[in-house]
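Asker: only geometry, no sequence info:
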């Protein structure tokens, strides 16, 4: 096989140990290997960098082992061309597995160009990722805590959750705080309701009749305090994310533009009717597009916020996971495949065995699923019409995945063209299949015993 890199290195990374295998070709064309062991302390990682630099190493490959590859990446990315490979793509022949053989195998694959590198965003985007992911964990922990709070309320015979929608809302929270302060009169507690909930004061008075023991008060007080703490943490994360977007937006977009200027698109971007209802730029307009100023994070969030179901938080997650420059993905389909939000491809003997979606970016997938459920509840939009259409044929869960896929495709074209989303309308499918819809409607009416005669509006006039 052809050798692409004359001097490269494969790393087998562990929590405490790094096994490095340096492979190089000398002036006589002879191939040599050298193995060394290093710890994962910063001092030894810098010693590894000095050794590889002195040897003339240009490329380093390692497999994605949890988070243990990150310290090495942070220290070596400025000096070498790093490749992070999926561990599933590095499976060797079973038997006689050692750390040294793993490092040699990675080095051999790298030298012959047989490794597919994973997408690792720039440092500024990685920082934004950590913030948005931490915020997502805080929101998930708050939801779990609210469920625990509801369980304790059920144990006290307080049926507050049967009357109010949000047990942490203003009215419910005022009732709980007053109850924990010592007030037990249901009428007094029910009068604390606000807004539209005041119409349910009689029902609230019945719901606030229960038996609250001392341990119940301790649990409720602790859980409410924990919820308040999580709310403060989420607010701090929101402020930090917004500050990072304003401070690092221009730098990140400049880095992306510099990287993308060195790359050329290998495939033309095809725009379907399910994307944005705008014409594709012509070849004459392409130079003007290249001269546009780099897109900033606040501008990108504003553009993504025009998609039904996508709010500011979800837009921030999409930008943190994917980035603003779409040229790193040749087509929208490549982005959907990378995110793991498109149908899988499993065929054998000419039969399609499974279309199950494969594993991808779980943080992005979770955000897209949430956006899809919100989009399906909107009125008079293309996405809601698509959701109803797919729900009847494929079921609710598959419809949600399909809508999430459509949202990601729309986001790709919006960021690529830097234009807001323009909805196709809820009647798009009916207009596209006008004859089929008319035929199905006539058939259903005839099955009910009616005689149907179709006429155009001009004929009626």
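Answerer: Structure received. Note that the coordinates shown come from a computational prediction; the quantities given were computed from them, not determined experimentally.

Asker: residues near residue 330, how many?
Answerer: The number of residues packed near residue 330 is 16, by other CB atoms under 10 Å. All C-beta spots, glycine's among them, are computed from the backbone N, C-alpha and C.

Asker: Make 606 the first number, not 1, from now on.
Answerer: Noted, 606 is the first residue going forward, which turns the last one into residue 935.

Asker: State the pLDDT value of it.
Answerer: Per-residue pLDDT puts residue 935 at 90.

Asker: same deal with the one 3 residues further on?
Answerer: We have a pLDDT of 91 for residue 938.

Asker: So which helix or strand of this structure has the lowest pLDDT on average?
Answerer: The helix or strand of the chain with the poorest confidence is helix 891-895; it has a mean of 42 (mean pLDDT, DSSP states H and E).

Asker: in the helix or strand following that helix, what's buried?
Answerer: Next along the chain after helix 891-895, taking DSSP states H and E as the criterion, comes helix 902-909. Residues 902, 905, 906, 908, 909 are the ones in helix 902-909 that count as buried (16 or more other CB atoms under 10 Å).

Asker: And for stretch 930-949?
Answerer: 930-931, 933-944, 946-948.

Asker: Please apply the same query to stretch 712-727.
Answerer: 712, 713, 714, 715, 716, 720, 725, 726, 727.

Asker: now do stretch 760-768
Answerer: Judged by neighbour count using 16+ other CB under 10 Å, the buried positions of stretch 760-768 are 761, 763, 764, 765, 766, 768.

Asker: Over to stretch 780-798?
Answerer: Neighbour-count burial for stretch 780-798 flags 780, 781, 783, 784, 791, 794, 795, 797, 798 (criterion: 16+ other CB under 10 Å).

Asker: Now secondary structure and distance to residue 1006 too, for those residues, in CSV please.
Answerer: Output for those, formatted as CSV (DSSP: H, G, I helix; E, B strand; the rest coil; distance: CB to CB, whole Å):
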residue, secondary structure, distance to residue 1006
780, helix, 40
781, helix, 38
783, helix, 44
784, helix, 43
791, helix, 46
794, helix, 44
795, helix, 43
797, coil, 43
798, coil, 40
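
Asker: Of these, which is the nearest to residue 773?
Answerer: Of all those, residue 773 sits closest to residue 781, with 8.9 Å by CB to CB.

Asker: if I look at the closest one, how far off is residue 825?
Answerer: As judged by CB to CB, to the nearest Å, residue 781 and residue 825 stand 7 Å apart.

Asker: wait, which of the buried residues of stretch 780-798 is closest to residue 1013?
Answerer: Using CB to CB, residue 781 comes nearest to residue 1013 of the buried residues of stretch 780-798, at 40.0 Å.

Asker: which outside residues touch stretch 1001-1019?
Answerer: Applying CB atoms under 8 Å, 6 or more residues apart in numbering, the external contacts of stretch 1001-1019 come out as 874, 876-877, 879-881, 908-909, 911-912, 914-915, 923, 927, 931, 934, 937, 940-941, 944, 946-947, 962, 969-970, 973-974, 976-978, 980-981, 988, 991-992, 995-996, 999, 1025-1026.

Asker: Counting only strands, which of these make the cut?
Answerer: Assignment to strands by DSSP state E places none of the contacts of stretch 1001-1019 there.

Asker: got the buried residues of stretch 760-768 as a markdown table, with pLDDT, distance to residue 1011 and secondary structure columns?
Answerer: Converted to a markdown table, the buried residues of stretch 760-768 look like this (pLDDT from 0 to 100; distance: CB to CB, whole Å; DSSP: H, G, I helix; E, B strand; the rest coil):
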| residue | pLDDT | distance to residue 1011 | secondary structure |
| --- | --- | --- | --- |
| 761 | 93 | 45 | coil |
| 763 | 93 | 43 | coil |
| 764 | 92 | 40 | coil |
| 765 | 92 | 39 | helix |
| 766 | 90 | 35 | helix |
| 768 | 92 | 37 | coil |
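
Asker: May I ask which two of these are separated the most?
Answerer: 761 and 768, at 14.7 Å, using CB to CB across the buried residues of stretch 760-768.

Asker: Nearest residue to residue 652 in space, please, no chain neighbours.
Answerer: Nearest non-adjacent residue to residue 652, counting by CB to CB, 6 or more residues apart in numbering: residue 643, 6.6 Å away.

Asker: A helix includes that neighbour, no?
Answerer: No. Under DSSP: H, G, I helix; E, B strand; the rest coil, residue 643 falls outside any helix and is assigned strand.

Asker: how about the strands in the chain?
Answerer: Along the chain, the stretches classed as strands by DSSP E are 612-618, 622-630, 636-644, 664-668, 686-690, 951-953, 956-959.

Asker: Okay, now the sheet partners of the third one, with direction.
Answerer: With DSSP bridges as the test, strand 636-644 is paired with strand 622-630 (antiparallel).

Asker: Over to the shortest one?
Answerer: The sheet places strand 951-953 alongside strand 956-959 (antiparallel), with pairing taken from DSSP bridges.

Asker: For the partner strand, give me every contacting residue.
Answerer: 949, 951, 952.

Asker: how far out from the middle of the chain is the lengthiest helix in the chain?
Answerer: Longest helix in the chain by number of residues (criterion: DSSP state H): helix 819-866. Centroid separation for helix 819-866 versus its chain: 16 Å, with CA atoms, centre = their mean, to the nearest Å.

Asker: how much does that helix deviate in direction from helix 902-909?
Answerer: Following axes from the mean of the first three to the mean of the last three CA atoms, to 10 degrees, one obtains 100 degrees for the angle between helix 819-866 and helix 902-909.

Asker: Let me know the average pLDDT across helix 819-866.
Answerer: pLDDT averaged over helix 819-866 gives 81.

Asker: helices or strands next to that helix in the packing?
Answerer: helix 728-760, helix 775-785, helix 902-909, helix 917-927 (3 or more CB pairs under 8 Å, 6 or more residues apart in numbering; DSSP states H and E).

Asker: Was I right to think residue 838 contacts residue 742?
Answerer: No. Using CB atoms under 8 Å, residue 838 is not in contact with residue 742, being 10.1 Å away.

Asker: what about the two, which has more around it?
Answerer: With neighbours defined as other CB under 10 Å, residue 838 and residue 742 compare such that residue 838 has more, 16 against 11.

Asker: Dump the buried residues of helix 902-909 to CSV, plus distance to residue 620.
Answerer: Output for these, formatted as CSV (distance: CB to CB, whole Å):
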residue, distance to residue 620
902, 34
905, 37
906, 37
908, 42
909, 38
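
Asker: closest to residue 685 among the residues you listed?
Answerer: residue 902 (28.9 Å).

Asker: Let me know whether residue 802 touches residue 775 as I believe.
Answerer: No. With contacts counted by CB under 8 Å, residue 802 stays clear of residue 775, the gap being 9.1 Å.
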